[in-house]
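**Q** Sequence and predicted structure, then a few things I'm wondering about:
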Amino acid sequence: MLRFIYVIIMNLFRAPYIIPKMRRESEHPERYTEEERYHLARHVIRLMKLSGKVHTKAYGTENLPTEGGYIMYPNHQGKYDALGIIHTHKAPCSIVMDKAKSNSILVKEFIDLIQGKRLEKDNVRQAITIIHEVSEEVASGRRYILFPEGGYEFNNKNHVAAFKAGSFKSAIKAKAPIVPVALIDSYKVFNSFHFGDLTTQVHYLKPIYYSEYQSMKSSEIALLVQERIQQAIDEYAM
């Protein structure tokens with residue numbers, strides 16, 4: 001948590017320039033391509049990583065589908081999770097996140113920049129709308145990050161909680177590849193009392209294509225993805 005405050009303080013001098021730039025690009029998608037906006041998002045992450053002395057290593061990027069849309073399903077550890085994925089994921093992608101956590105300064109601008117979806121956890125009707133919107137966009141070629149745990153514990157030490165079956169409805173509806181993503185030590189960045197330089201890991205596991213899961217229940221898919229991520233963490237976590 002102290003690292004998060006430190007990173008914010010160290011980048012305050014950039015705020016008068018970077019925040020208006022993020023707002024301008026997100027408000028005018030007709031002038032700035034998705035690639036240009038994603039490039040700015042990754043630039044902001046690089047600045048945060050440098051000031052926070054955070055290093056992130058990616059493994060398995062060759063597993064990412066080269067054509068069409070897909071949804072990445074990572075375990076959830078803290079505020080840095082999506083940033084670590086976006087930093088290592090070269091092609092533009094977006095995110096579905098809790099609306100209640102998405103409206104603070106910089107977070108709001110970041111989510112708008114990558115055209116993220118804000119999910120109201122207690123609003124079933126709105127959740128159904130988000131599921132449809134994401135499935136349609138993924139079917140048309142977009143890529144998304146969606147956290148099936150729905151939340152995280154502070155300083156969770158690479159613990160994986162149960163995955164929610166409903167999280168996979170967008171992928172099922174879009175008949176899209178499901179990419180399990182194993183995050184290791186991501187919690188140390190902003191959601192622990194860890195100090196000093198640190199390295200996190202992002203493992204892109206082999207995708208699960210629709211032909212493999214079409215006959216499975218959403219609860220079975222959730223368990224399958226959870227088990228694959230847990231196996232990767234057990235294998236690679238120090």
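**A** Here it is on my side, so go on. Nothing here was measured: the structure is a model prediction, and the numbers come from that model.
**Q** alpha carbons only for contacts and neighbour counts from here, please
**A** Noted.
**Q** now the helices for this structure?
**A** Per DSSP state H, the chain carries helices over the ranges 2-10, 15-27, 34-52, 81-88, 107-113, 124-139, 169-174, 187-190, 210-213, 218-236.
**Q** Most tightly packed of those helices?
**A** The highest average neighbour count among the helices of the chain, using mean count of other CA atoms under 10 Å, belongs to helix 187-190 at a mean of 26.
**Q** same for that one, what does it pack against?
**A** helix 2-10 (3 or more CA pairs under 8 Å, 6 or more residues apart in numbering; DSSP states H and E).
**Q** Give me the contacts around the helix it packs on.
**A** For helix 2-10, the surrounding residues in contact (CA atoms under 8 Å, 6 or more residues apart in numbering) are Met48, Ser51, Gly52, Val189, Phe190, Phe193, Phe195.
**Q** which residues does the third one contact?
**A** Spelled out, that is Gly52. Contacts of Gly52 by CA under 8 Å, 6+ apart are Arg3, Phe4, Tyr6, Val7, Asp197.
**Q** Mind putting those residues into JSON lines with pLDDT?
**A** Output for the contacts of Gly52, formatted as JSON lines (pLDDT from 0 to 100):
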{"residue": "Arg3", "pLDDT": "83"}
{"residue": "Phe4", "pLDDT": "83"}
{"residue": "Tyr6", "pLDDT": "86"}
{"residue": "Val7", "pLDDT": "87"}
{"residue": "Asp197", "pLDDT": "93"}
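**Q** any idea which of those residues is closest to Gln77?
**A** Among these, Phe4 lies closest to Gln77 (CA to CA), at 14.3 Å.
**Q** so what's the most centrally placed residue in the chain up against?
**A** By CA atoms, centre = their mean, the chain has its centre lying nearest to Ala82, at 3.2 Å. Counting by CA under 8 Å, 6+ apart, Ala82 touches Ile95, Ile145.
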